[in-house]
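# got a predicted structure plus its sequence, pasted below:
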Amino acid sequence: MTPARHTALPVPAALRDFVARLPIRPPSIVLALALDRLLRPQLAPDVARQLSDQVVEIEVRDLGLRCRLMLGPSGFRSVPDGGPVTLRVVADAVSYFRLLRGEEDADRLFFERALVMEGDTEYGLILKNTLDALGPLLHWPGRPA
């Protein structure tokens, strides 16, 4: 049985446009801190080396939000806007949360065009396969882990 699809209320265009004009650094810092706690402890050293020193941009399309990150020796860190990006990942907020909770498959979202990955294909596959192997990163209270 497939899980029920949840849809978010649409974000007003004016709010989305306002958020898109905000500096990229604060949300990137927050995401880097979250990934240091949720993802980094689960990464094998060889996988961490493969994923290191590459800029990844994550866009939450429906919110107008973008983050830029890089994994380095001391963990995830935010990266300033501008400059080259190794991989760019775009989806709406609900799709990201469903992926993080293990309720949705990245391949299916990709083929349904709900998830877009642009850039270095090999790097994207390493990242996707790593996340698939780790399983859900978020567990909500009252739900089985």
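Perfect, thanks for sending it. Residues are numbered from 1 along each chain as shown.
# count of residues packed around P45?
Residues within reach of P45, counting by other Cβ atoms under 10 Å, total 7. To be clear about C-beta, it is placed using only N, CA and C from the backbone, and glycine gets the same treatment.
# and the top strand by length along the chain, what's buried?
Longest strand of the chain, by residue count under DSSP state E: strand 65-72. Using 16 or more other Cβ atoms under 10 Å as the test for burial, strand 65-72 gives L65, R66, C67, R68, L69, M70, L71.
# tell me how far the second one lies from A48.
The reference is to R66. Note on R66: its distance to A48, by Cβ to Cβ, to the nearest Å, is 24 Å.
# likewise for the fourth one?
Counting by Cβ to Cβ, the gap between R68 and A48 amounts to 19 Å.
# with the first one instead?
As for L65, its distance to A48 is 26 Å (criterion: Cβ to Cβ).
# how about residues contacting the lowest-mean-pLDDT helix or strand in the chain?
Ranked by mean pLDDT, DSSP states H and E, the weakest helix or strand in the chain is helix 13-21, scoring a mean of 84. Helix 13-21 is contacted by residues D62, L63, G64, L65, R66 when judged by Cβ atoms under 8 Å, 6 or more residues apart in numbering.
# ok, now with 10 Å
Helix 13-21 has contacts (Cβ atoms under 10 Å, 6 or more residues apart in numbering) with P10, V11, P12, P27, E59, V60, R61, D62, L63, G64, L65, R66.
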